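# Have a look; sequence and predicted model below, questions after that.
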Amino acid sequence: MRIDVLTTFPEMFATEPPAALGVSIPARAVKAGLVSIHATDVRDYTENKHRKTDDRPFGGGPGMVMMCQPLWDAVAAVEKAEATPTTRILLTPQGAPLTQVIVEKLAAKPRLLLIAGHYEGIDERVIEALAPMEISIGDYVLSGGELAAMVLIDAVVRLMPGALGDEESAGQDSFSAAAVPISKKESVERRLLDCPHFTKPREWMGQTVPEVLLSGDHGKIAAWRLEQRLSRTKARRPDLLP
Ligand code: ADE
């Protein structure tokens, strides 16, 4: 997969440590050639000598608005760099909430073009002309779409076949939609939060590990884990239950 990002802060998308995409699973996926990440500076497509990408809003009010022309030209240039068609995505608090189901759909695309806006917003006319998917990572306002784009990249990249090690598994993640048809019971189970996990030592600060996990009885362990997932989901995220 190829991921392009349009931003006025391309340095945020470095893929060498200590950058966020330069460590852990994203870095491994990049090194293994499963994904390539290309950040493009929208400023390179400005036509004014100050390389200004934004201006004051018509109608007044606070903040600045990203202008149409630099973004439009940047999209055109980046899309021309390779024939693979892009799925255009604008990161914005006005977008549809990002879910694991959306992440899984995006992970199946050959090429994503992420647009990270800054300032108050982007001129609505270029949004309409580009017709991107609009995605929000939550009901709070970030300083710009860059961190949201990185969240999306991280979530997508870990689903690339080979990105996770043997001991890690994406299929059992909370919120995962099944790639293959599954029973109703299983589809409910996939929406549950994860169960608690424990490792060595068996006792820490006077706290022991739940006995059942030491029993070696795989049936009992699976039943306990499912029960924990249900009770946690009921307590913390009842909205996830049918
Ligand atoms: N840009 C600013 N805030 C955002 C959010 N919550 N999600 C996506 N993009 C954003």
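Right, received. Where do you want to start? Numbering: from 1, shown residues only.

# And the longest helix along the chain, what's buried?
Longest helix of the chain, by residue count under DSSP state H: helix 218-236. Within helix 218-236, the residues scored as buried using 16 or more other CB atoms under 10 Å are Ile221, Trp224, Arg225, Gln228, Arg229, Leu230, Arg232, Thr233. Glycine gets a C-beta too; all of them are placed from N, C-alpha and C.

# pretty sure the third one contacts Leu192?
No: taking CB atoms under 8 Å as the contact criterion, Arg225 and Leu192 are not neighbours in contact, 9.9 Å apart.

# gap between Tyr1 and Met150?
One thing to correct before we go on: residue 1 is Met, not Tyr. Using CB to CB, to the nearest Å, Met1 is found at 15 Å from Met150.

# Which of the two has more residues huddled nearby?
Taking other CB atoms under 10 Å, Met1 and Met150 do not tie; Met150 has more neighbours (22 against 19).

# So that one belongs to a helix, correct?
Yes: secondary structure of Met150 (DSSP: H, G, I helix; E, B strand; the rest coil): part of a helix.

# Can you tell me the closest non-neighbouring residue to it?
Of all residues not flanking Met150 in the chain, Ala20 sits nearest, at 5.6 Å (CB to CB, 6 or more residues apart in numbering).

# Quick check: pLDDT value at that neighbour.
On the pLDDT scale, Ala20 is placed at 96.

# Mind splitting the protein into its structural domains?
The domain map for the chain lists 2-157, 174-240, with the assignment taken from automatic domain parsing.

# May I have the distance across the first one, first residue to last?
End-to-end distance of domain 2-157: 10 Å, with CA to CA, to the nearest Å as the criterion.

# again, but for the last one
The first and final residues of domain 174-240 sit 10 Å from each other (CA to CA).

# and that domain, what's its mean pLDDT?
91.

# ok now do Glu134, which residues does it touch?
The contact partners of Glu134, taken as CB atoms under 8 Å, 6 or more residues apart in numbering, are Ile89, Leu90, Thr92, Gln94, Gly95, Ala96, Ile127.

# one more time with 7 Å
Glu134 sits next to Leu90, Thr92, Gln94, Gly95, Ala96 when contact means CB atoms under 7 Å, 6 or more residues apart in numbering.

# Paired strands for the strand or helix carrying it, with orientation please.
Using DSSP states H and E, Glu134 sits within strand 133-136. Note on strand 133-136: by DSSP bridges, its sheet partners are strand 87-97 (parallel).

# Please determine whether the partner strand lies in contact with the ligand.
Yes: judged by CB under 6 Å from any ligand atom, strand 87-97 comes into contact with the ligand through Leu91, Thr92, Pro93.

# Give me the residues contacting that strand.
Against strand 87-97 from outside (CB under 7 Å, 6+ apart): 106, 109, 111-117, 127, 130, 132-136, 141, 145, 148-149.

# what's the answer for stretch 117-126, then?
With contact meaning CB under 7 Å, 6+ apart, stretch 117-126 is reached by 8, 54, 57, 62-68, 71-72, 90, 92, 144-145.

# hmm, that stretch in reach of the ligand?
No: judged by CB under 6 Å from any ligand atom, stretch 117-126 stays clear of the ligand, getting no closer than 6.8 Å.

# Stretch 2-16 too?
No: against the ligand, stretch 2-16 shows no contacts by CB under 6 Å from any ligand atom, the least distance being 11.6 Å.

# quick one: terminal-to-terminal distance for that stretch?
End-to-end distance for stretch 2-16: 17 Å, by CA to CA.

# How about stretch 96-113?
This stretch, stretch 96-113, spans 17 Å end to end (CA to CA).

# related to what we said a few turns ago, of the domains of the chain, which approaches Gly165 most closely?
Among these, the nearest to Gly165 by CB to CB is domain 2-157 (8.3 Å).

# Tell me the residues of the chain that contact the ligand?
Neighbours of the ligand within the chain, by CB under 6 Å from any ligand atom: Leu91, Thr92, Pro93, Ser136, Ile137, Gly138, Tyr140, Val141, Leu142, Gly145, Ala148.
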